[in-house]
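3D model of this:
(2 chains)
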Amino acid sequence: ASFFLNNTFRLAFFLQVLFFGFGWLFFMRKLFKDYEVRQYVVQVVFSVTFAFSCTMFELIIFEILGVLNSSSRYFHWKLNLCVILLVLVFMVPFYIGYFIVSNIRLLHRQRLLFACVVWLTFMYFFWKLGDPFPILSPKHGILSIEQLISRVGVIGVTLMALLSGFGAVNCPYTYMSYFLRNVTDADILALERRLLQTIDMIISKKKRMAMAHRTMFQRGEVHNKPTSFWGMIKSVTTSAPGSENLSLIQQEVDALEELSRQLFLETADLHATKERIEYSKTFQGKYFNFLGYFFSIYCVWKIFMATINIVFDRVGKTDPVTRGIEITVNYLGIQFDVKFWSQHISFILVGIIIVTSIRGLLITLTKFFYAISSSKSSNVIVLLLAQIMGMYFVSSVLLIRMSMPLEYRTIITEVLGELQFNFYHRWFDVIFLVSALSSILFLYLAHKQAPEKHMAL
Amino acid sequence: VGKSSLVHLLCQNQVLGNPSWTVGCSVDVRIHDYKEGTPEEKTYYIELWDVGGSVGSASSVKSTRAVFYNSVNGIILVHDLTNKKSSQNLYRWSLEALNRDVAPTGVLVTNGDYDREQFADNQIPLLVIGTKLDQIPETKRNEVLTRTAFLAEDFNAEEINLDCTNPRYLAAGSSNAVKLSRFFDKVIEKRYLSRDGNQIPGFPDRKRFGGGTLKSLHYD
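Next comes the predicted model:
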């Protein structure tokens, strides 16, 4: 028994170090490539979260492939789950609170104290989250794993559903060239000329203002407070028309600056569209276009299935792999070794799901990070992203259970305890539907609005 | 990195109260006395174009920015003293601005890999400004200043380090102010004197600000 234990530990440790290294590199190369890492804690926390989340997926794969023996797998599951819950519920929120508080100058002195306060508030809301949902049977204790997992699961599943709803709609929209508006070079040039003209107008107005300021300064009126009685009278009578003019010009300048910003954004938009049109003419572009059609069918089918599930309150019992095999065996009459193939096919399927969801999440997080971070808030945002990532991965383990044949499901059920898995699937369907429909609406409005703006030039 | 605060300080001699994210390009005008104190003193307008965005932006943003790089007479490269990576990005910014004839996506070189020859040939006067000097503790100042001195040498340019929230760095008579007006003088000379040999009164010339990293564009 001890020989087995040694082996499993070494293997698990090695893989975990590998994942940790990957998370570290990702952090350095992609997320923080424009910033300096001043607090290494942040990088460590992020990589640790990433490493333990990936380990869960690795354990699923081990389950399917039958690597290691079942009791050591169970042990690793439990261990990993405890650690990741610890990280997600205790460590990361505490550090988020700590870094937020460090940014606020007032509270800088007693950072630790206020960080604890923030963490306690977070725990309160986190606990309250469990109340409206029918997720637990009452026989569980207060501080059990099931309590924590169920709440983490709710948050994570909501996130997953939101992201996949939006992704399912956005993917065909971006891939297909059907939606691309027609943009010619002349359009772009005209818009650029207009932008430069606006800027020239701003410049000429600012020149007038600068000259006026200078003459007023040289006459000693603007910056010196009038000290004598006559000085005050003079400033009232002579500078009043001057400053009135100036404030008028300033208003015009503000309006023009707003216009120039809008023109710049539209020009950038046109450039982006033009590039996409050119890309769509290449071989890669055509391939993605075709994929886009395929994905749009898939997206419609998913929305349809989600609606059916909700309306008819249906919960799937079998997973796609077993069902697929049943269909081929029963209807097509092809005989093959069910056990052998089911293992390999589910391995491939689950592997693909895992890899694409990790990759998709990392890409989305990176884009998000670039969009909203600044040098002050980069630490907080990265930690928030680590939190989201952890919760996302934990709940994808929850949901992936559905895609696996019965014999592999048991370990997840054992480890995670008696959660109401059906509830999570239903919740996922609901949020997915809401998210997909609202993204369709949103994209439709955005698409409609853009050509009208373009036409109005 | 504080380009907008810097422009505001240079043009209005006042500190910018509420800096917000720059979309596209914002312009300001400064009145400069060329060859101040000499009998040939002449007043010029200098337009400072503050071009926002980060070097890693989408290529569509870069192509849009390229429209601002035409007829540039001088370039001020701004970087953040508290963030080493912003100074490394300056190489890419300068290439983007100087190679405006080539498609921006084609030429960008990764940092550290720039070509010194290009800068030697370069006719356009450059100035390197480091911001947020106040946020560096006294102990680290020396090492930061030596690093920035190397940077300025690489670009064959003058350098100024300051804090945009404190106008006294550019007070009249300080060495920074002298460097600044020498730079503007060079720009004016390059623009007018090298070509015709005559002075053209009162016409404006343009200077671009580039540099800094941090945020990428928001699309509203």
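
which residues sit against stretch A:203-210?
Among residues not part of stretch A:203-210, those counted as contacts by CB atoms under 8 Å, 6 or more residues apart in numbering or on different chains are A:246, A:249-250, A:252-253, A:256, B:11, B:27-31, B:45, B:47, B:204. All C-beta spots, glycine's among them, are computed from the backbone N, C-alpha and C.

one more time with 7 Å
Contact partners of stretch A:203-210, identified using CB atoms under 7 Å, 6 or more residues apart in numbering or on different chains, comprise A:246, A:249-250, A:252-253, B:27-29, B:31, B:45, B:47.

gap between it and the chain center?
Between the mean C-alpha point of stretch A:203-210 and the mean C-alpha point of its chain there is a distance of 44 Å (CA atoms, centre = their mean, to the nearest Å).

so which strand or helix has the residue of chain A found nearest chain B?
Per CB to the nearest CB, the residue of chain A with the smallest distance to chain B is residue A:264, at 2.9 Å. Per DSSP states H and E: residue A:264 is located in helix A:229-280.

Just the mean pLDDT for the helix or strand following that helix, thanks.
The first helix or strand that comes after helix A:229-280 along the chain, using DSSP H and E, is helix A:283-311. Averaged across helix A:283-311, the pLDDT comes to 76.

What are the buried residues along helix A:283-311?
Along helix A:283-311, these residues count as buried under the neighbour rule (16 or more other CB atoms under 10 Å in any protein chain shown): A:285, A:288-289, A:292, A:295-296, A:299, A:302-303, A:306, A:309.

mind listing the strands in chain B by residue range?
Remark: strands of chain B, listed N- to C-terminal, are B:25-34, B:42-51, B:74-80, B:126-131, B:158-161, B:205-210; assignment by DSSP state E.

hmm, back to that, export the buried residues of helix A:283-311 as CSV, with columns for distance to chain B.
Written out in CSV, the entries for the buried residues of helix A:283-311 read as follows (distance: CB to the nearest CB, whole Å):
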residue, distance to chain B
A:285, 15
A:288, 17
A:289, 20
A:292, 20
A:295, 23
A:296, 24
A:299, 24
A:302, 28
A:303, 27
A:306, 30
A:309, 35
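
quick check, nearest of the residues you listed to residue B:66?
residue A:285 (23.5 Å; CB to CB).

residues touching that closest one, list them.
Contacts of residue A:285 (CB under 7 Å, 6+ apart): residue A:279.

What segments of chain B are helices?
Per DSSP state H, chain B has helices spanning B:3-12, B:59-66, B:84-98, B:104-107, B:116-121, B:138-154, B:175-188. These are given in chain order.

Nearest to chain A among those helices would be which one?
helix B:59-66 (3.6 Å).

Isn't residue A:77 up against residue A:59?
Yes - applying CB atoms under 7 Å, one finds residue A:77 in contact with residue A:59, separated by 5.7 Å.

Now residue A:22: closest residue in space, sequence neighbours ignored.
Setting aside the residues directly before and after it, residue A:22 is nearest to residue A:50 in space (CB to CB, 6 or more residues apart in numbering or on different chains), at 7.2 Å.

so that neighbour touches residue A:21, yeah?
No - here residue A:50 lies out of contact with residue A:21, judged by CB under 7 Å, at a distance of 10.0 Å.

Distance check, residue A:298 against residue B:180.
Taking CB to CB, to the nearest Å as the measure, residue A:298 and residue B:180 are separated by 61 Å.

likewise residue B:84?
25 Å.

ok, the two, which is more surrounded?
residue B:180 (21 against 14; other CB atoms under 10 Å in any protein chain shown).

With neighbour count added, can I get the contacts of stretch A:203-210 in a markdown table?
As requested, the contacts of stretch A:203-210 are arranged in a markdown table below (neighbours: other CB atoms under 10 Å in any protein chain shown):
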| residue | neighbour count |
| --- | --- |
| A:246 | 17 |
| A:249 | 15 |
| A:250 | 14 |
| A:252 | 13 |
| A:253 | 18 |
| B:27 | 23 |
| B:28 | 21 |
| B:29 | 23 |
| B:31 | 14 |
| B:45 | 19 |
| B:47 | 21 |
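
Tell me the one among the residues you listed nearest to residue B:146.
residue B:28 (31.9 Å).

mind listing what that closest one touches?
For residue B:28, the contacting residues are A:206, B:7-8, B:11, B:48, taking CB under 7 Å, 6+ apart as the criterion.

what about 6 Å?
With contacts defined as CB atoms under 6 Å, 6 or more residues apart in numbering or on different chains, the neighbours of residue B:28 are B:7, B:11, B:48.

Past the helix or strand hosting residue A:362, which element shows up next along the chain?
Secondary structure here is read from DSSP H and E; on that basis residue A:362 sits in helix A:338-372. Next helix or strand after helix A:338-372 toward the C-terminus (DSSP H and E): helix A:378-400.

and that following helix, what does it pack onto?
Judged by 3 or more CB pairs under 6 Å, 6 or more residues apart in numbering or on different chains; DSSP states H and E, helix A:378-400 is in contact with helix A:40-65, helix A:92-103, helix A:145-175, helix A:338-372.

is it possible to export these to TSV including mean pLDDT, mean neighbour count and distance to residue A:216?
As requested, the helices and strands packed on helix A:378-400 are arranged in TSV below (pLDDT from 0 to 100; neighbours: other CB atoms under 10 Å in any protein chain shown; distance: least, CB to CB, whole Å):
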stretch	mean pLDDT	mean neighbour count	distance to residue A:216
helix A:40-65	81	20	51
helix A:92-103	80	20	41
helix A:145-175	78	20	54
helix A:338-372	72	15	42
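
Give me the neighbour count for residue B:7.
Each residue near residue B:7 was counted by other CB under 10 Å, and the total is 24.

What score does the closest residue to residue A:88 other than its chain neighbours have for pLDDT?
What sits nearest to residue A:88 in space, not counting adjacent residues and going by CB to CB, 6+ apart, is residue A:390, at 4.5 Å. The predicted local confidence for residue A:390 comes out at a pLDDT of 84.

Tell me how far residue A:390 lies from residue A:187.
Using CB to CB, which is the criterion applied here, residue A:390 is 46 Å from residue A:187.

before we move on, what about residue A:132?
With the distance defined as CB to CB, residue A:132 ends up 52 Å from residue A:187.

Comparing those two, which shows the higher neighbour count?
More crowded of residue A:132 and residue A:187, by other CB under 10 Å: residue A:187, with 17 against 8.
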